[in-house]
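1. Please find the sequence and the predicted model below.
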Amino acid sequence: MCAEVKKGMAKEAYELEITTKYSSLIAGSEQGLEHGRRVIDQLRKQCGDVLPCLRIVDAPDFAVRGFMLDISRGKVPSNEAWRGLVRQLAGLKYNHLQLYTEHTYAFRAHKKVWGEADPMTKEEILALQKLCKENHIELSANFNSFGHFERWLKHEEYKHLAECPKGFEHPIKGKVPHGTTLRPDETSLKFLDKLWKEYLPLFESEKFNLGGDEPWELGQGWSKPHVKKHGKQRVYLEFIKKLHKQATKHKKKVLFWADILLEAPELVDEVPEDATALLWGYEANHPFAEQCARLAKAQRKFWVCPGTSAWNTFTGRTDNMLANVESAAKEGLKNGAEGMLLTSWGDNGNHQPWPVMYPGLAYAAGLAWNQKGAKREDVARAVNVAFSQSIKSGLGETLLELGRVESGIKNPKPNRSRHFDLFFATKKQLKKELETLTQEELGRVFVAIEKAGLTYAEHAEKFLWEFGAATEIEVGGEMARWAVRRGLLAKAGKSAKELGEELPELVARFVNSWANRGREGGMIDSAQKMAEVGREL
C-alpha cells in the first residue's frame, strides 16, 4: 500500500482507496495515516483478508473527541487496564483523555488523603502519557479544585480550608458531617497552588480541567456574607477567575464545568476568553440546545459533555445513553462546540461492570467523528469491532439488551437504575422506593434480566478474551437480579432471609471481578457497602 502525508489536508483527515489493482492512503499528518490504518484493520476484522473495493474521504466533525473516566469514586484502573483502554480509544479515533481526580494522585505531602486509595503516581502518569502520545491521544490534567473536595476536607488538618468546616445540610444526602467545598479565599488559592506545582507539570498538554462543579454548600459558611451581597453565581465566577489567573501562571488553559455559571446566564460574557466551559448533562432530555446557544451567543469556548449512563446501575441505561449523546453531539456541532467529552462516573462506589460503558464509548465516538454516518442500529456492531476479537462476538448485543431491562418502568429515576437503589436501600428507603414500583413492573424487569442472561450465556465464551468482561457482566446481572428479587419479596411481604444468605457469595464474586481491571484501593469500601445491606435483611 502507498501511504503518504499530503500538505494542505486537515491534520486528522485521510483518504483511503482500495481497488483491484492498487491501494493508497494519504492524510494530513501521521495521525491521519494512523486513522486510515486502523480503518483497514477494522475492515479485515469484518471482511477477512479480501477487502472490498472502496474510496473513503474522511475527517472529524469535532476537533476534540475526548473521554473522561472517574478514578475517584472507588476504582482506580490497573496499569494493564489503562493499556487496553488507550488502545481501544485510539481505535475509536478519540484524541483526548482525562482522569477525573479528587484524591487519587499520590501528592508527596498528603498521604493522609490518598493512603488507602491506590492512587496514580508520578511515574504512572508519565508512563500513561507516553502511551497516549504513541496512540495520538492527548492526556490532560484533571483535578477538581473547588467543589467535591470532601476527600480532603474530612480530615482535621484541612478543615480550615472548608466553606463549612463542621458540615452542612446536603440537598440530596442530608446532613454531611464535613465540608465538600473549598472556601473561595486566598488561603485556598495558595493551598491549591502548591498542589498544582507538583501535579500540573506532569502533563504536556496545555489543557487543565480544574472542575468547579456542584459546590453544594457555597454561601452557607465562610462566604455567606459575600453571597448575600453579590449572589452565589457572582461569588462563584470571581473565584473561577482567580483560579484561571493562577492556572495561567502554570502555563495552562482552563477547562471548567459550566453548571453554576449557567444558573446566571448573564455572567457568561465575563468568562475569560481563553477558558473552556464544559457543558455537562446526562439525561435524554437535558437542555443542550438552550445552553449551547447561550454559550455560542457569548462567543465563549465550550465542549459538550454527555455520559455513558453507566453509573448507579449494574446493567447500564441504553436508551437514555443513546438519546443523551445524540442530543449533545447535535447541539454541540450546530452551535460551534470545539469538542465533545464523554464522561463515565463512579458515583456511590463504582459498582458497575466496566464493559457497561462500551456502548456509550462506541456511539459517542461515531457521533463526534461523523455525525451523519453514526446510526443507532450500528452500535452493537461497533462495540464488537472495537472491544472484541470477532464481529460476531455478541458483546455489543448483550450489553445493549442488558441496558434495556428497565424499559418497562413508568417512573424511571434520573442518573440511575431503579435496581441500584433497591439493592442498597435501607428498610425505610426500600419502602419508599416501592411506593413508585408495582409488582407487575418488578416482575417484567426480572424476566428481562433473565432473558438478557440467556443472551449473555449464548455469547459469553466469544468475548471471554477481553480481560474478564464475561465475568464482570455476569456479576452485574446477578446483582441486578438480586436487587429486583429483594423488591419483589418486600412487595409481597415475604422474608428476605434467603437473599441475606446469598449475599456474602455475591460480594465475593464482585470483589473477584473488580480485580480484573481495578486496584485494591477503593474495593474494600465498595464491597463493604454491599455487605452492609445484609444487616438490613
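-> Ah, there it is.
2. Buried residues in the host helix or strand of residue 293, which are they?
-> Assigned by DSSP states H and E, residue 293 belongs to helix 288-297. Neighbour-count burial for helix 288-297 flags 288, 291-292, 294-296 (criterion: 16 or more other C-beta atoms under 10 Å). Every C-beta, even on glycine, is put in place using the N, C-alpha and C of the backbone.
3. Which of these sits closest to residue 518?
-> Lowest distance from residue 518 to the buried residues of helix 288-297 (C-beta to C-beta) belongs to residue 288, with 31.9 Å.
4. ok, for the closest one, nearest residue in space, not its chain neighbours?
-> If you skip the residues right next to it in sequence, residue 288 has residue 331 as its closest partner in space, 4.0 Å away by C-beta to C-beta, 6 or more residues apart in numbering.
5. Go ahead and confirm the one you found touches residue 305.
-> No - here residue 331 does not reach residue 305: they are 11.9 Å apart, not a contact under C-beta atoms under 8 Å.
6. Comparing the two, which residue is more hemmed in?
-> Here residue 331 and residue 305 are set side by side on neighbour count (other C-beta atoms under 10 Å), and the busier one is residue 305, at 25 against 21.
7. after the helix holding residue 293 comes which helix or strand?
-> Of the helices and strands lying after helix 288-297 in sequence (DSSP H and E), the nearest is strand 301-305.
8. Just the CA atoms of that following strand, as PDB, please.
-> The C-alpha coordinates for strand 301-305 follow below in PDB (Å, rounded to 0.1, in the frame of the first residue of the first chain):
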ATOM      1  CA  LYS A 301     -15.300  28.300  24.000                       C
ATOM      2  CA  PHE A 302     -17.200  25.200  25.200                       C
ATOM      3  CA  TRP A 303     -17.400  21.500  24.900                       C
ATOM      4  CA  VAL A 304     -20.500  19.300  25.200                       C
ATOM      5  CA  CYS A 305     -20.200  16.600  27.800                       C
END
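9. what's that strand packed up against?
-> Under the contact criterion of 3 or more C-beta pairs under 8 Å, 6 or more residues apart in numbering; DSSP states H and E, the helices and strands touching strand 301-305 comprise strand 64-70, strand 276-280, helix 288-297, helix 318-334, strand 339-344.
10. Off-centre distance for it?
-> Taking the mean C-alpha point of strand 301-305 and that of its whole chain, the gap between them comes to 15 Å (C-alpha atoms, centre = their mean, to the nearest Å).
11. pLDDT of the host helix or strand of residue 42, averaged?
-> Per DSSP H and E: residue 42 is located in helix 30-47. Per-region confidence: helix 30-47 scores 93 on mean pLDDT.
12. Output that helix in CSV with nothing but the alpha carbons.
-> Output in CSV follows, covering the C-alpha atoms of helix 30-47 (Å, rounded to 0.1, in the frame of the first residue of the first chain):
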residue,chain,number,x,y,z
GLU,A,30,0.9,10.8,10.8
GLN,A,31,-2.2,10.8,13.0
GLY,A,32,-4.4,10.8,9.9
LEU,A,33,-2.4,8.0,8.4
GLU,A,34,-2.9,6.0,11.7
HIS,A,35,-6.7,6.6,11.5
GLY,A,36,-6.6,5.1,8.0
ARG,A,37,-4.5,2.1,9.0
ARG,A,38,-7.0,1.4,11.9
VAL,A,39,-9.9,1.5,9.4
ILE,A,40,-8.1,-1.1,7.4
ASP,A,41,-7.6,-3.3,10.5
GLN,A,42,-11.4,-2.9,11.2
LEU,A,43,-12.2,-3.9,7.6
ARG,A,44,-10.1,-7.0,8.0
LYS,A,45,-11.9,-8.0,11.2
GLN,A,46,-15.2,-7.7,9.3
CYS,A,47,-14.2,-8.9,5.8
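13. List the buried residues in it.
-> 31-37, 39, 42-43.
14. what's the answer for stretch 235-247, then?
-> Neighbour-count burial for stretch 235-247 flags 235-237, 239-240, 242-244, 246-247 (criterion: 16+ other C-beta under 10 Å).
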